[in-house]
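Enquirer: I'd like to go over a predicted model; first the sequence, then the structure.
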Amino acid sequence: MRTVGWSVLVLSFAFLASAQVPKTCSPPPEYPHTTLDQRYKTMQKFVSGEKVYYNCAEDFTPARGMRAVQCEDGKWTKLTLKCEKKSCGNAGDLPNGQFEYEGNSFLGEKVYAICNEGYTVKGLNYMICKKTGWTGDFPSCEEGVATCSSPAVSNSVSSGGDVSVYQVGDGLTFTCSQGFQLDGAQQITCGSGGQWQPLPPRCLPSPDKTQDLDKETGGCGVPVTSSNSNAHLADMYITKTSFASGDTVQYKCDVGHIQAGGSRYRKCINGKWTTLRLKCERKPCGSAGEIANGQFMYSGVEFGDTAKAVCDEGHHLVGRATRTCTSRGWDGRVPVCEAVECGEPPEVPNAKIEGRQEPPYTYRSAIRYRCSVGVLNGPREIWCTEDGTWSNSPPKCEEITCPSPKVPGAIWAGAPKELYQFRDTLSIECYRGYTSTGPSDITCGYDGQWYPGLPRCTRTSPRAHWRG
């Protein structure tokens, strides 16, 4: 009977001891579109009551919920933080126009500027959504920018009279002077880009009636060229007013255009010119070049088109942003996108910087702090951001202490102290004649409190006292 009682007593003490051991948590779980704050990634165990924090992953932003989870009784509470794909949102108001969005303003999508009637876009007509927001010069719709100057068409009379500047939508009709014939469109209109559409015509010499060739000879007058052919008569034939049967003339593609098929020649046969079959297309310039840490945004890659350089997040442009496709290729030079630089990382008393490198500290360069005295309070790691500043204020190395535990009727090993250091652990034991309630082992926590709490020693015998 005595043996059974002793066994029950031993089991009771064992159960009580196991119940008093504080439960710790293993590393917190992973959640979609989130990352654990850098300061916790190297820790393997967490005490009950301790909190850790999550951040949204790259290209995602917080939508709702809390960033923190807490270790409770050996298990982590559930993360409520919800992260959604980054969006640049509304591009703003466009005076005298409106924006037309390519999608939902997510990364990589464009927004286009559409100007009201009578206004024209200045600069590129779009912006692109990047990590830093809408990237590119903010477009504007300006009145009076898209005007057309008076076209110079020699030996002609136009319906516009003596006007030097024309507004978008204005039209002109040309009539050639006596002795000249029209080469091109008779009517042209001032377009939204400040260019006449189609191109202004020419008035070329026509043979005088008294000099008309005998029909029997089969001669031809000056050949007329369509304005949309992007070709013109070779200079050697411009001044000639008549051609004999069998004569040939040669054409050239306009500046910025190249031959893409057909023949350059026309022939006078029985008083008529053969059809011009020369095909001239805009000269291609190909790629404007590769930019490390950036890219070109193209309006096109043919004669007259432009390419605008846009740097990636954390980089700034050095050089001219826009290149134009000319008859000799892209003008200017390929610009450079240089990384943003941060100043020297701030020094922290009683701390050392791990991974220190030689300056400059460029975009995304990271450093870590380690306390030589005390406990780190704040971010362990900071990095250089896209605007040339460090991601956070530096941490502090603080000395964390816990006061001497006040547990009447109890004793613990070691000489009594007024203050105990962070992570110090004490094993508390009640005097004989006292019953212990609560944990037997307590640890000095990060907030200066004893965890999991102080025990109580309750007197069970009126004459109880401690005997060594």
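Expert: On my side now, so go ahead.
Enquirer: Skipping adjacent residues, who's closest to the residue nearest to the spatial centre of the chain in space?
Expert: By Cα atoms, centre = their mean, the chain has its centre lying nearest to Lys130, at 2.1 Å. The shortest distance from Lys130 to any non-neighbouring residue, by Cβ to Cβ, 6 or more residues apart in numbering, is to Glu313 (6.2 Å). (Glycine included, C-beta is placed from N, CA and C.)
Enquirer: separation between the one you found and Tyr54?
Expert: Distance from Glu313 to Tyr54, counting by Cβ to Cβ, to the nearest Å: 22 Å.
Enquirer: Tyr119 now?
Expert: 47 Å.
Enquirer: Glu84 now?
Expert: 14 Å.
Enquirer: More neighbours: which of those two?
Expert: The neighbour count for Glu84 versus Tyr54, taken as other Cβ atoms under 10 Å, is higher for Tyr54 (23 against 13).
Enquirer: What residues does the more buried one make contact with?
Expert: Shown in contact with Tyr54 (Cβ atoms under 8 Å, 6 or more residues apart in numbering): 31, 34-37, 67-69, 79, 81.
Enquirer: switch to 10 Å and redo it
Expert: 28, 30-31, 33-37, 40, 62, 65-69, 79, 81, 83 (Cβ atoms under 10 Å, 6 or more residues apart in numbering).
Enquirer: Give me the ChimeraX select line for these, limited to the buried ones.
Expert: Selection of buried members from the contacts of Tyr54 for ChimeraX, criterion 16 or more other Cβ atoms under 10 Å:
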select :28,31,33,34,36,37,40,67,69,79,81,83
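Enquirer: Surely Cys203 touches Ala152?
Expert: No. Cys203 lies out of contact with Ala152 (Cβ atoms under 10 Å); the separation is 11.2 Å.
Enquirer: what about the strands in the stretch 201-350 of the chain?
Expert: Using DSSP state E, counting those that start in this stretch, the strands of the stretch 201-350 of the chain run over residues 202-205, 231-233, 248-253, 257-259, 265-269, 272-273, 280-282, 294-298, 306-311, 315-318, 322-326, 329-330, 336-339, 341-342.
Enquirer: can you tell me which of the ones you listed comes nearest to Gln98?
Expert: Among the strands of the stretch 201-350 of the chain, the nearest to Gln98 by Cβ to Cβ is strand 294-298 (21.0 Å).
Enquirer: on contacts alone, who are the packing partners of the closest one?
Expert: Where contact means 3 or more Cβ pairs under 10 Å, 6 or more residues apart in numbering; DSSP states H and E, strand 294-298 is packed against strand 126-130, strand 306-311, strand 315-318, strand 322-326, strand 336-339.
Enquirer: do that again at 6 Å, thanks
Expert: Under the contact criterion of 3 or more Cβ pairs under 6 Å, 6 or more residues apart in numbering; DSSP states H and E, strand 294-298 touches strand 306-311.
Enquirer: Parallel or antiparallel, list what pairs with the strand it packs on.
Expert: Here strand 306-311 has these sheet partners by DSSP bridges: strand 294-298 (antiparallel), strand 322-326 (antiparallel).
Enquirer: Stretch 184-203: which residues count as buried?
Expert: Here stretch 184-203 shows 184-185, 188, 190, 192, 196, 200-203 as buried, counting by 16+ other Cβ under 10 Å.
Enquirer: element containing Ile428?
Expert: According to DSSP states H and E, Ile428 maps onto strand 425-430.
Enquirer: how about the helix or strand just after that strand as PDB, C-alpha atoms only?
Expert: Elements were assigned by DSSP H and E; along the chain past strand 425-430, the next helix or strand is strand 434-437. In PDB, the C-alpha atoms belonging to strand 434-437 read as follows (Å, rounded to 0.1, in the frame of the first residue of the first chain):
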ATOM      1  CA  TYR A 434       4.800  25.200   1.500                       C
ATOM      2  CA  THR A 435       3.000  24.000  -1.600                       C
ATOM      3  CA  SER A 436       4.100  25.400  -5.000                       C
ATOM      4  CA  THR A 437       1.500  26.700  -7.500                       C
END
